[in-house]
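> Any chance you could fold what I've pasted below:
(2 chains, ligands or ions: 2)
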Amino acid sequence: MSDALRLRGLSFSYPDGHLALDGVDLTVQQGERVALLGPNGAGKTTLALHLNGIHTATSGSVEISGMPVDKGNLAEIRRRVGIVFQDPDDQLFMPTVRDDVAFGPRNLGLGQAEVAQRVDQALTQVRLHDVADRPPHHLSFGQRRRAAVATVLAMDPDILVLDEPSSNLDPAARRELAEVLLSLDVTILMITHDLPYALQLCPRSVVLADHRIQADAPTAQLLADDEQLAKYRLELPFGFSVPTA
Amino acid sequence: MSGGHAHHTLYLPGTSVLHRLPAQVKLVAAVLAVLAIVAAPREQFWAFGVFAVVIVILAVTAGIPLLLIARRLLIELPFIGFALLLPFVASGERTDVLGLHLSTDGLWGAWELLATATLGVSVSILLASTTPLREVLTGLERLRMPTLIVQIMSFMIRYADVVADELRRMRIARESRGFVASNIRHWPVLGRSAGALFVRCFERGERVHLAMLSRGYTGRMPQPEGDGATMTTWGLALSLPVLFAAVSLTAAVLT
Ligand SMILES: Nc1ncnc2c1ncn2[C@@H]1O[C@H](COP(=O)(O)OP(=O)(O)OP(=O)(O)O)[C@@H](O)[C@H]1O
Ligand SMILES: [Mg+2]
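Ligands and ions are numbered 1, 2, ... in the order given. Predicted coordinates:
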């Protein structure tokens, strides 16, 4: 089976010259759930934006299911890779939540019935049916976050990339989102600062710091290693500890 | 926070016939109606009376308060200013009105400008009040309007929303820290806010665009459901410009 995701020597500088990534190597197998950890400003979001060709590597390569990410196959790449953005306000822009969730499937050129069915299913998954016809900017932050997740679920991606999905969710919504994610048969790359969430959802974690991948280990093992955690400014919430295996 | 979203305010939700007609049909009817109004000879005052009465009837049917239309008509103020100048500056035959020595041509020109502008703008207001902007845009696309123009227009609308939202957040953030602009000494703060606003809007617009691309956006808004206008709807909507054209034609024959 081919790798879902393969980054080789990925480097990227922003147009203002700021170096964000410098030689990132990462391979994720089909069906794996991987947490991408790292301090603020490490380049996690920047990395995510390479996975569907929003950013183009300054050097190095990005492959999705063996297909290089380049101009010629962007449409196919974007069908396969769904990104839930860090800030839901970047993602939601249509007049109603329903329209917004339908935006992606419509771009895929699906028929009306199929679009309606996908929208319905996605809204059910994130439990947002009751606000479906309200404008996104009138929802609470947590609701907007769930709406943003729904907009991507509706596209039925093979690879789901989530940028800090649990931030600003109430505990029940956080758990429900975890249940949704666990029920999906997709490859997941989850950027998060919520280490217990990473432990719950992702058997494997990688740490991005100083522009490249610094650690790649089973999540339980990584979180039990206090020394490693401290080195990359990672901290478990107060009162938590993961027993050394 | 409502009101911050400029483009939602033009549209008045409703269920009247005018609201239910497909956008592209209304667009064509409105443009033709305006052309008919412009074509009416200015000497036939009654024709303009008929136009006005029909527009008022339509507004009442759609449940749009006449006062609201009057307020929105204010956008034609610059035209009115120009119209008022005409009788003074136009050349040709002169006549005395209330002791003023005015140009007859100028007077006619002013009347024509005022009448056609008022009626034409009223028709557009009817359209805008009964059609959400998004539908106007899809309507334009269905009419084979160049996608680029439609796109630029939809971006303008989206950015209007983005700007209003950022503005609101920044105001709330300022006021939460105890700042209320009450006199001129506060203007520099507002100025810096405006600068920050520009940068933030630009960058947010960029990120929104990236998020759209991520969901397969290729520069063309997907068509929402419920398109295809039937012949009957076209017939119904086009009865307005047909009526107006008949009035103009009759007026022209009588002149
Ligand atoms: N548009 C931009 N232009 C220039 N530099 C940028 C831009 N966006 C991000 N950066 C820089 O790139 C680096 C990586 O940013 P990125 O947003 O990827 O971090 P992150 O790991 O997602 O952080 P966080 O945990 O805070 O979300 C940062 O130093 C940031 O300042
Ligand atoms: Mg980030």
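
> Checking A:V62 next. Helix, strand or coil?
For A:V62, the assignment made with DSSP: H, G, I helix; E, B strand; the rest coil gives strand.

> who in chain A is up against chain B?
Within chain A, the positions near chain B by CB under 8 Å from any CB of the partner chain are A:49, A:52, A:54, A:75, A:78-79, A:81-83, A:85, A:87, A:89-91, A:93, A:95, A:99, A:102-104, A:106-108, A:112, A:115-116, A:137-138, A:151-152, A:155. For every residue, glycine as well, the C-beta is placed using N, CA and C.

> In PDB, list the C-alpha atoms belonging to stretch B:242-251.
Only the C-alpha atoms of stretch B:242-251 are listed here, as PDB (Å, rounded to 0.1, in the frame of the first residue of the first chain):
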ATOM      1  CA  VAL B 242     -43.500  45.500 -21.900                       C
ATOM      2  CA  LEU B 243     -46.000  47.700 -20.100                       C
ATOM      3  CA  PHE B 244     -43.400  50.500 -19.700                       C
ATOM      4  CA  ALA B 245     -42.300  50.100 -23.300                       C
ATOM      5  CA  ALA B 246     -46.000  50.400 -24.400                       C
ATOM      6  CA  VAL B 247     -46.300  53.600 -22.300                       C
ATOM      7  CA  SER B 248     -43.200  55.100 -23.800                       C
ATOM      8  CA  LEU B 249     -44.200  54.200 -27.300                       C
ATOM      9  CA  THR B 250     -47.700  55.700 -26.900                       C
ATOM     10  CA  ALA B 251     -46.100  58.800 -25.400                       C
END
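
> Now that stretch: buried residues?
B:244-245, B:247-248, B:251 (16 or more other CB atoms under 10 Å in any protein chain shown).

> circling back: list buried residues within the residues of chain A next to chain B.
Neighbour-count burial (16+ other CB under 10 Å) applied to the residues of chain A next to chain B gives A:49, A:52, A:54, A:78-79, A:81-83, A:85, A:87, A:89-91, A:93, A:95, A:99, A:102-104, A:106-108, A:115, A:137, A:151-152, A:155.

> how deep is A:P203 tucked in, by neighbour count?
Using other CB atoms under 10 Å in any protein chain shown, the number of residues around A:P203 comes to 13.

> What of B:V199?
Neighbour tally, B:V199, other CB under 10 Å: 10.

> can you check B:R204 too?
When neighbours are defined as other CB under 10 Å, B:R204 has 18 of them.

> my read: it touches A:F85, true?
No. Taking contacts as CB atoms under 8 Å, B:R204 lies outside contact range of A:F85: 11.5 Å.

> List the contacts of stretch A:73-83.
Applying CB atoms under 8 Å, 6 or more residues apart in numbering or on different chains, the contact partners of stretch A:73-83 are A:48-49, A:51-54, A:64-65, A:67, A:69, A:104, A:108, A:152-153, A:155, A:157-163, B:211, B:213-216, B:218.

> same thing with stretch A:94-107?
So stretch A:94-107 is contacted by A:82, A:91-93, A:114-116, A:118-119, A:122-123, A:128, A:131-136, A:139, A:147, A:150-152, A:154-155, B:8, B:132, B:134, B:212, B:215-218, B:222-224 (CB under 8 Å, 6+ apart).

> Keep only the residues of chain A next to chain B that also lie close to ligand 1.
Near ligand 1, judged by CB under 6 Å from any ligand atom, there are no entries from the residues of chain A next to chain B.

> Which parts of chain A are helices?
Ranges of helices in chain A, per DSSP state H, are A:44-48, A:74-80, A:88-91, A:97-107, A:112-125, A:141-153, A:171-183, A:195-201, A:219-224, A:226-231.

> Could you tell me the least trusted of these?
Of all the helices of chain A, the minimum mean pLDDT falls on helix A:88-91 (a mean of 85).

> what residues does chain B put near ligand 2?
Counting by CB under 5 Å from the ion, no residue of chain B lies close to ligand 2.

> show me what contacts the residue of chain A found nearest ligand 2?
Per CB to the ion, A:T45 is where chain A lies closest to ligand 2, at 3.2 Å. Going by CB under 8 Å, 6+ apart, A:T45 touches A:86, A:163, A:191.

> likewise A:M155?
A:79, A:82, A:104-105, A:108, A:118, B:215-216.

> 6 Å instead?
A:82, A:104 (CB atoms under 6 Å, 6 or more residues apart in numbering or on different chains).

> quick one: it from ligand 1, how far?
A:M155 is 22 Å from ligand 1, where distance means CB to the nearest ligand atom, to the nearest Å.

> what's that residue sitting at in phi/psi?
Per-residue torsions, A:M155: phi -90, psi -10 (degrees, to the nearest 10).

> Report the buried residues of stretch A:70-80.
A:74, A:77-80.

> These into a markdown table, with extra columns for distance to B:T230?
Converted to a markdown table, the buried residues of stretch A:70-80 look like this (distance: CB to CB, whole Å):
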| residue | distance to B:T230 |
| --- | --- |
| A:L74 | 38 |
| A:I77 | 40 |
| A:R78 | 36 |
| A:R79 | 35 |
| A:R80 | 40 |
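
> Rebuild those residues as a markdown table, extending it with distance to ligand 2.
Formatted as a markdown table, the buried residues of stretch A:70-80 follow (distance: CB to the ion, whole Å):
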| residue | distance to ligand 2 |
| --- | --- |
| A:L74 | 22 |
| A:I77 | 21 |
| A:R78 | 20 |
| A:R79 | 24 |
| A:R80 | 22 |
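
> Out of those residues, which two sit at the greatest distance?
Pairwise distances across these peak at 10.8 Å for A:L74 and A:R80 (criterion: CB to CB).

> my read: B:I64 touches B:T130, true?
No. B:I64 lies out of contact with B:T130 (CB atoms under 6 Å); the separation is 7.4 Å.

> what about these two, which has more around it?
B:T130 (26 against 20).

> List the contacts of A:I64.
Here A:I64 is in contact with A:77, A:80-81 (CB under 6 Å, 6+ apart).

> and which of those residues is nearest to A:D210?
Among the contacts of A:I64, and counting by CB to CB, the member closest to A:D210 is A:V81, at 25.6 Å.

> Name the residues linked to the closest one by a beta bridge.
For A:V81, the beta-bridge partners are A:I159 (DSSP bridges).

> Check it and give its pLDDT.
94.

> Check the gap between it and B:A40 for me.
59 Å (CB to CB, to the nearest Å).

> And A:P171, by the same measure?
A:P171 sits at a distance of 68 Å from B:A40 (criterion: CB to CB).

> Specify which residue of those two has the higher count of neighbours.
Under the neighbour definition other CB under 10 Å, A:P171 and B:A40 were set side by side, and B:A40 has more, 27 against 8.

> quick one, what contacts the most centrally placed residue in chain A?
Per CA atoms, centre = their mean, the C-alpha nearest to the average position across chain A is that of A:L162, at 1.7 Å. Contact analysis of A:L162 by CB under 6 Å, 6+ apart lists A:84, A:190.

> do the same with A:H211
A:21-22.

> Check what pLDDT it gets.
So A:H211 comes in at 94 (pLDDT).

> Need the buried residues of stretch B:242-251 in TSV (columns: distance to B:V53, secondary structure and pLDDT).
Putting the buried residues of stretch B:242-251 into TSV (distance: CB to CB, whole Å; DSSP: H, G, I helix; E, B strand; the rest coil; pLDDT from 0 to 100) gives the following:
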residue	distance to B:V53	secondary structure	pLDDT
B:F244	12	helix	91
B:A245	16	helix	89
B:V247	11	helix	90
B:S248	15	helix	89
B:A251	15	helix	87
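
> Closest one to B:A194 out of the residues you listed, please.
Ranked by distance to B:A194 (CB to CB), these are led by B:F244 at 44.6 Å.

> Give the closest residue to the closest one in space, chain neighbours not counted.
B:A36 (3.5 Å; CB to CB, 6 or more residues apart in numbering or on different chains).
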